[in-house]
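# okay, predicted coordinates and the sequence, questions at the end:
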Amino acid sequence: MTATTRKGGRPRKDPHEARTEWLPAMRVTPAERHHIEQQAARAGLPVMEYRRRAAMGQRIVARRTAADDKALVALARVGANLAQIVRALNYRQGIPADLAETLAEVKAAANMIAGEDGK
């Protein structure tokens, strides 16, 4: 084995990519710290990684939750129902009998997305 190769493990980063420098700690109020920790948790990131991305001006996106996925599935289902209703109206087949039910599903899906849980 030569000095430039290693056995197994992750390859070393180039020197200009390695994070070897430190920035001074920042002082915050307890409320600010709590807010930063909540935002980092919502994004699924450790606090230091969240701070680094925020300082670099990178876009920080909250990770999708199971509730988000459930709302998206409900919205897709309702969207398909609405497309069928519009198609029927465009072909002058009359107003579908399940129009009121579909509109109620649209309202429920919109409330779920808005976080109102069907109220």
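Thanks, I have it. Numbering: from 1, shown residues only.
# list the contacts of Ala88.
Taking Cβ atoms under 8 Å, 6 or more residues apart in numbering, we find Ala88 in contact with 94-96. All C-beta atoms are positioned from the backbone trio N, CA, C, and that covers glycine.
# tell me the secondary structure at it.
helix (DSSP: H, G, I helix; E, B strand; the rest coil).
# repeat for Lys13
Assignment for Lys13 (three-state DSSP): coil.
# report the separation between it and His34.
33 Å (Cβ to Cβ, to the nearest Å).
# low-confidence regions, this protein specifically.
Scanning the chain for pLDDT under 70 picks out the ranges 1-6, 116-119.
# mind listing the helices for it?
30-43, 47-55, 66-90, 99-114 (DSSP state H).
# and Lys7, which of those helices is closest to it?
Closest to Lys7 of these is helix 47-55 (Cβ to Cβ; 29.3 Å).
# what angle do the closest one and helix 30-43 make?
90 degrees (axes from the mean of the first three to the mean of the last three Cα atoms, to 10 degrees).
# hang on, the earlier thing: now the helices of the chain in TSV, with distance to Trp22?
As requested, those are exported to TSV (distance: least, Cβ to Cβ, whole Å):
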stretch	distance to Trp22
helix 30-43	19
helix 47-55	11
helix 66-90	36
helix 99-114	42
